[in-house]
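>>> after the sequence you'll find the predicted model.
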Amino acid sequence: MSMRTPVEVTTSVRDARTPRPLPSPPWPFTGRGEELELVRRALGAGRSGIVVTGPPGRGRGRLAAEAVRGTECVRVAGTPETRGTALAAFAPLLPEGVTLHRAVQLLADVGLLLVDDAHLLDDGSAALVHQLAVQGRTRLLVLVADGVPAPDAVARLRSGDLLPRLALDPLPREDVVQLLSAATGLRPEPLTANRLHRLAGGDLGLLRDLLDAVRDQGPAGRSADRAEWRWRGPLPAPPALRERAAAVLGRPCPEEREILDRLAFAEPLPLAVEELDLGVLERLEGDGLIRADDDVSVRLAHPLHGPVLRAVAGRLRARRLSQGRPPWGAALEAEAEELARRIDGADVRSGTAPVGEWLVGEGEGVPAGYAAVRARFARLRGEVREAVAWAREGLAGTPGDPGCLAELGHAGTQLGEFAPAAPSRPEPAGHAPGPPFGPERASSAGRPGRAGARRPSPSAAPNGDGGAAADGGAPAGARPDTGEGGHGPGGPGGGSPRTGGPGTRPGSPDRATHHDAARRAAPAGGVFARHADALARGDGPGLDDVAAELEERGFLLLAAEAHAQAAQLHRDPRAARTARTRAVALAHRCQGARTPALAGLVLGELTARQRQIVTLAAAGLSNRQIAERLTLSVRTVGNHLYGAYTRLGASDRAALPCLVELPNGLMGRTA
C-alpha cells in the first residue's frame, strides 16, 4: 500500500492550486473482539441493549458500526447545534409537535435503535431514550462520551442502572501496531510504535492525525533488516494537530503561555515548582493542562502538547527556551541504574524511563551502555522486537559495542532468527528499494547522544548478559534467579532450554542433567530454581504456579514457556487446555517470539481448515494458489486467513513463518 496521500482532482482553478487530500480509507476493525461479542449478545433477541462509554476517540462509533453490521437498525445522533430544540435528534422519525408519550408509542416497534453521541442530545430526545430504556421493548445501543456534560436522562443511562454498561479501555499497544501496519502496509518499528501510541494516549482519531502528519513530513526510513518502518525527529504541527493542541496554543494569558512553553522545552524532564509562578500553575492545573509530580515538579499533562508547542515556536524563542533545558545526562544514567537494579531483583514489571525514549524519538541518540540495558530489560519482559530496536540504537552510535551485539543476538534467537543480520547505519537517501514513506532520511536518528550525556556506569549495565549460551544452556556462574546470565532454565538469552529434541520425555537424562545444573546455579527457593525443578520432575501444576509468579514479575515470555511446558505434562485434559490457552495468550504479547517451548503451540488455537490454510500461506503460497490446491474460492481462503490472523495475533502474512513450524515438504517453497 502506497504511503502517498491521494489528491482529489477538481475543476476549480483556485482548488487546483491548493489540492485537497481525499479522506483516508477507514482502518480495519482491530482489537475489540471481546467487546464486539459482548455488544452483539446485549443486542440479541430478548435483550434490552447496552450503553457504550469512553473518552472521545476511543472507538465507540466503529465498535457500534461493526456490532450492527448486517442488521436492521435505526440510527439517531445528538449534535451541539440542536441541543436547544426539543426532540431534534428524532425529527426524521416523528411527526411535528408529537408528545413524549406518543413518541414512545411510535418507536416501540423499532427493533434496534442506535443512539450516537447521546451526551449531545437535547433534553427531550434524552428523555425519550430514557423512556424507551424503561419500557424495554426497543433494543438500544447508546454511545456516550465520558468526561463531558450530558443531559440528566443520559447521565442516568450512563450509570448503568437501566442498561448494562461497557466502558472502553484504550487499545493495547499490540492492536495499535496492527492498525499502523494496516495503514502503512509495513509493520512499525517498536520504538516508533511506542512513540505514536504514547502521543495518541488512546485516542484513535489522534493516532490517525499523527500518522498523517508523519506521512506529510516527508520520507521516513526502514529498520536495518528492512522489515519495519521507523520515524525519528521532531513532530510536525499541521493544522489537524494544532487544533488538537488548541487548549494550550489558545491560552490568552502571556504568563500562562510562557510557562507552557518553558515546560515544553524542558522535556523530557519536569521543572521544579519553585522556578515558576505558583498562581499561574494553579490555574493551568485546574484546567487539566499540567500535572504536579510527587517530587514537587510539574510537567505538561498531555504528551502531544510539548511537541506541538515546540513545533510552533519561532526560531529565536526556541533558542532562548532551549538554553534553559535541564541537563539530562544524570537522569539518563539514573534510568539505566534503576532498570539494572530491577533486573537484579528479578522484577521487570513495566516501569517508566522517559528520558531515553524521548531522546531516541527526537533523533538525539543514546549511549550504547544505556541502550544495552534497555534492550535487556525489554527482552526479559518478552518484548523481543523492542529489544532488537534498542540494541540497534546503541550500535548506530557505537558500532561493535559488545553489550548491544550480545542483546541483538539473544533477541534474534528468541525471534527464531538464529543468524541475525549485522546491524547497519541508516541507509542514505535514495537507497532502493524505498520504504513506505520514501527513502530513509539521513537525519540525526543514528547520532550518538548530545554533549553532556554521560554513558551509564558499569554498574548500570549488567555484565554483558552473563551470556546465556546460544543453545539455551546456562553458563557457568550464571545467576538465573536475578536475571544475570539467564532467566532460569535456559536463560533469557537462549530462549527455552534445549531438552533433547521434541520427543524427549520429561525427566529424561538430557533434561534432568540440564536443569540440575540450573538449580545448582540458582538461589535455593527462587522462582527460576523452582521452574527448573518442576520441569525436571514433570510437575504440570507446579509449572503453572511458577508461570503465574513469572507473569506477576513481568517475565511474560518465560511465563508463556512454563505454561506451554505444563500443557504437555498435565494428565488432566482440562488442566492441559487451560495451561495451553494461557500460554498462547501470553505468547501473543511477546512480539513474535518463537522459542522451542512455544513452537507449534499457536496452531492449536485454529480450526482444522485454518491450520491447513495458514501452513500453506506460511510456506509462501498466494491465496489463489491455496484456493486451487484446496478447491476453495479465493474469498473463502481470505476469510479463513483473516480469522487466523485474529487468533494468532498476527498482522499479516509476513508474520506467519515465525508462528508456524512448516512440514519438511513445504520448507523453502515460494509463492
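Received it, and whenever you're ready, just let me know what you need. Numbers count the residues shown, from 1 in each chain.

>>> from here on, contacts and neighbour counts on C-alpha atoms
Noted.

>>> show residues contacting whatever helix or strand Leu309 lives in.
Element membership for Leu309, per DSSP states H and E: helix 305-312. In this structure, residues lying in contact with helix 305-312 by Cα atoms under 8 Å, 6 or more residues apart in numbering are 234-237, 241-242, 245, 248-249, 261, 263-265, 267, 300, 318.

>>> can you tell me the closest non-neighbouring residue to Ala575?
Ala567 (7.4 Å; Cα to Cα, 6 or more residues apart in numbering).

>>> now do the SS call for Val52.
Three-state call for Val52 (DSSP: H, G, I helix; E, B strand; the rest coil): strand.

>>> same question, the one 10 residues further on
Arg62 carries the three-state label helix when classified by three-state DSSP.

>>> can you give me the strands in this protein?
49-54, 74-77, 112-116, 139-145, 165-167, 187-188, 221-222, 228-230, 271-272, 290-292, 297-300 (DSSP state E).

>>> in a markdown table, list those along with distance to Gly540.
Shown next, in a markdown table, are the strands of the chain (distance: least, Cα to Cα, whole Å):
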| stretch | distance to Gly540 |
| --- | --- |
| strand 49-54 | 41 |
| strand 74-77 | 52 |
| strand 112-116 | 49 |
| strand 139-145 | 45 |
| strand 165-167 | 37 |
| strand 187-188 | 37 |
| strand 221-222 | 43 |
| strand 228-230 | 38 |
| strand 271-272 | 52 |
| strand 290-292 | 48 |
| strand 297-300 | 49 |
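
>>> Val177: which of those strands is closest?
strand 187-188 (6.7 Å; Cα to Cα).

>>> kindly report which residue of the protein is located farthest from the centre.
Gly97 (50.3 Å; Cα atoms, centre = their mean).

>>> how far away is that one from Leu87?
Distance, Gly97 to Leu87, by Cα to Cα, to the nearest Å: 9 Å.

>>> domains in the protein, by residue range?
33-167, 171-233+330-465, 242-323, 480-587, 602-666 (automatic domain parsing).

>>> mind putting the ones you listed in TSV, mean pLDDT included?
TSV is the format used below for the domains of the chain (pLDDT from 0 to 100):
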stretch	mean pLDDT
domain 33-167	91
domain 171-233+330-465	76
domain 242-323	93
domain 480-587	69
domain 602-666	74
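
>>> how far away is Ile636 from Leu380?
Careful, residue 636 is Thr and not Ile. Distance from Thr636 to Leu380, counting by Cα to Cα: 40 Å.

>>> again, but for Val68
Taken as Cα to Cα, the span from Val68 to Leu380 is 42 Å.

>>> next: Gly542.
21 Å.

>>> those two: which is more packed in?
For Gly542 and Leu380, the more surrounded residue by other Cα atoms under 10 Å is Leu380, and the numbers stand at 27 against 19.

>>> now do the more buried one against Ala86, distance only.
59 Å.

>>> do Pro80 as well
For Pro80, the distance to Ala86 - Cα to Cα - is 13 Å.

>>> more neighbours, the two?
Neighbour count, other Cα under 10 Å: between Pro80 and Ala86, Ala86 has more, with 16 against 11.

>>> what's the closest non-adjacent residue to that one?
Ala86 sits nearest to Gly124 (Cα to Cα, 6+ apart), 5.0 Å away.

>>> Gly416: how many residues sit nearby?
19.

>>> I figured it hits Leu598, correct?
No. Using Cα atoms under 8 Å, Gly416 is not in contact with Leu598; the gap is 10.9 Å.

>>> residues contacting Glu35?
Each residue near Glu35 by Cα under 8 Å, 6+ apart is listed here: Leu166.

>>> residues near Pro170, how many?
By the criterion of other Cα under 10 Å, Pro170 has 18 neighbours.

>>> near the residue nearest to it when sequence neighbours are not counted, how many other residues are there?
The shortest distance from Pro170 to any non-neighbouring residue, by Cα to Cα, 6+ apart, is to Gly202 (4.7 Å). The tally of other residues near Gly202 (other Cα under 10 Å) stands at 22.

>>> ok, Gly202 - contacts?
So Gly202 contacts Gly57, Arg58, Pro170, Leu171 (Cα under 8 Å, 6+ apart).

>>> correct me, but the third one touches Arg60?
Looking back up the chat, that one is Pro170. No. Pro170 is not in contact with Arg60 according to Cα under 8 Å; the separation is 11.1 Å.

>>> from Trp27, how far out is Ser181?
For Ser181, the distance to Trp27 - Cα to Cα - is 10 Å.

>>> so those two - more neighbours on which side?
Under the criterion of other Cα under 10 Å, the comparison of Ser181 against Trp27 puts Ser181 first, with 19 against 14.

>>> excluding chain neighbours, give the residue nearest to the more buried one in space.
Ser181's closest residue in space is Arg187 (Cα to Cα, 6+ apart), at 4.4 Å.

>>> the one you found touches Arg230, doesn't it?
No. The criterion here is Cα under 8 Å, and Arg187 misses it with Arg230 at 9.1 Å.

>>> and of the strands of the chain, who's closest to Ala406?
The closest of the strands of the chain to Ala406 is strand 228-230. By Cα to Cα, the value is 21.4 Å.

>>> relative to the closest one, what are the paired strands and their orientations?
strand 187-188 (parallel), strand 221-222 (antiparallel) (DSSP bridges).
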